[in-house]
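Undergrad: give me a 3D structure for the following:
(one chain, ligands or ions: 1)
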Amino acid sequence: MNTLRDRLGSETPLIAVSFRDSDNERLSKEAMGAGVDVAELRIDKFSRADTGHVLAQVKLFRELATLATIRSREEGGHWDGAEEERLELFRTVAPVVDAVDIELSSRGILPEVIATARENDTVAVVSYHNFEATPGRQELEAVVRDAARAGADVVKISTMVASGADLRRLASLLVAREDGPELIVIAMGALGAVSRVFFPALGSRLTYSFIGSSFAPGQLDFHETFHLLRQFYPDFNQRKINELSLFEAV
Ligand SMILES: O=C1C[C@@](O)(C(=O)O)C[C@@H](O)[C@@H]1O
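TA: Next comes the predicted model:
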């Protein structure tokens with residue numbers, strides 16, 4: 001049974017922190033004690049991508065839900081290897097993580113990554129990133145539709161916003177959602193920072209943050225995000241009180 005899948009299907013926001021592969025012996029312990037829900041392993045930013053190293057890093061986070069990301073260069077990542085190697089790495093990690101993230105644009109390996117996720121009861125996040133701009137409504141809707149058709153359990157859209165209109169267009173995707181896969185919607189950039197705390201209220205299932213140094217424009221520090229989520233989402237606050245034996249006050 002995949003507990004992350006159940007949690008993604010509920011209303012209570014989830015908080016992720018992205019990790020490279022430095023100092024994770026310490027950072028994984030800190031994350032567990034601090035209330036992180038999901039550890040996103042940015043394998044594309046690791047210093048090495050051999051199986052032994054990657055699996056050892058995953059193991060450090062075994063007490064948390066884990067999400068494996070091997071982001072392509074085309075969508076702002078650092079993966080330099082061949083697509084067959086990336087697929088092999090997804091096949092290696094899929095049985096030991098709770099979710100994998102694959103770009104919709106990675107058409108050459110997308111069906112195989114989703115199939116390997118299915119075989120392992122691992123959540124398939126199909127993602128779209130645009131570091132330049134937020135496309136028009138039809139294009140955004142087409143991304144959601146195409147990702148759903150490809151078999152996504154969750155569709156993630158992360159785009160740069162330059163105006164209130166961009167932000168509202170992203171928000172409207174969440175408001176308009178009726179059925180289909182769960183959504184994660186993120187507005188990048190200074191104007192988009194607000195989305196990291198308030199889009200969960202519209203149904204965005206996971207908000208990404210960082211401990212140490214940021215992974216994306218407008219991302220907020222974990223502790224700040226955690227504090228704000230406790231303040232604005234009573235269910236999140238209660239869950240954290242139960243999990244961490246926190247005092248009631250935020
Ligand atoms: O795609 C996302 C979201 C993100 O880009 C952000 O904007 O917080 C951070 C990435 O690590 C993650 O894979």
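Undergrad: close to the ligand: what parts of this structure are there?
TA: 18, 40, 42, 69, 101, 127, 129, 158, 186, 188, 208, 215-216, 219 (Cβ under 6 Å from any ligand atom). To be clear about C-beta, it is placed using only N, CA and C from the backbone, and glycine gets the same treatment.
Undergrad: make it 8 Å
TA: 16, 18, 40, 42, 69, 71, 76, 101, 127, 129, 156, 158, 186, 188, 196, 207-209, 215-219 (Cβ under 8 Å from any ligand atom).
Undergrad: low-confidence stretches in this protein?
TA: Applying pLDDT under 70 to the chain flags the ranges 247-250.
Undergrad: show me where it has its helices.
TA: Ranges of helices in the chain, per DSSP state H, are 3-8, 24-34, 51-60, 83-93, 110-119, 137-150, 164-176, 195-202, 222-232, 234-244.
Undergrad: in JSON lines, list these along with distance to Glu182.
TA: Listed next are the helices of the chain as JSON lines, based on distance: least, Cβ to Cβ, whole Å:
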{"stretch": "helix 3-8", "distance to Glu182": "5"}
{"stretch": "helix 24-34", "distance to Glu182": "23"}
{"stretch": "helix 51-60", "distance to Glu182": "23"}
{"stretch": "helix 83-93", "distance to Glu182": "20"}
{"stretch": "helix 110-119", "distance to Glu182": "14"}
{"stretch": "helix 137-150", "distance to Glu182": "10"}
{"stretch": "helix 164-176", "distance to Glu182": "10"}
{"stretch": "helix 195-202", "distance to Glu182": "12"}
{"stretch": "helix 222-232", "distance to Glu182": "18"}
{"stretch": "helix 234-244", "distance to Glu182": "16"}
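Undergrad: need these in CSV (columns: mean neighbour count).
TA: Below are the helices of the chain laid out as CSV (neighbours: other Cβ atoms under 10 Å):
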stretch, mean neighbour count
helix 3-8, 16
helix 24-34, 15
helix 51-60, 15
helix 83-93, 18
helix 110-119, 18
helix 137-150, 16
helix 164-176, 16
helix 195-202, 20
helix 222-232, 17
helix 234-244, 15
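Undergrad: and the residue nearest to Leu246 when sequence neighbours are not counted, how far from Thr66?
TA: Using Cβ to Cβ, 6 or more residues apart in numbering and skipping residues adjacent in sequence, the residue nearest Leu246 is Lys240, 5.9 Å away. Separation of Lys240 from Thr66 (Cβ to Cβ, to the nearest Å) stands at 19 Å.
Undergrad: for stretch 15-25, the distance to its chain's centre please.
TA: Centroid displacement of stretch 15-25 relative to its chain, using Cα atoms, centre = their mean, to the nearest Å, is 13 Å.
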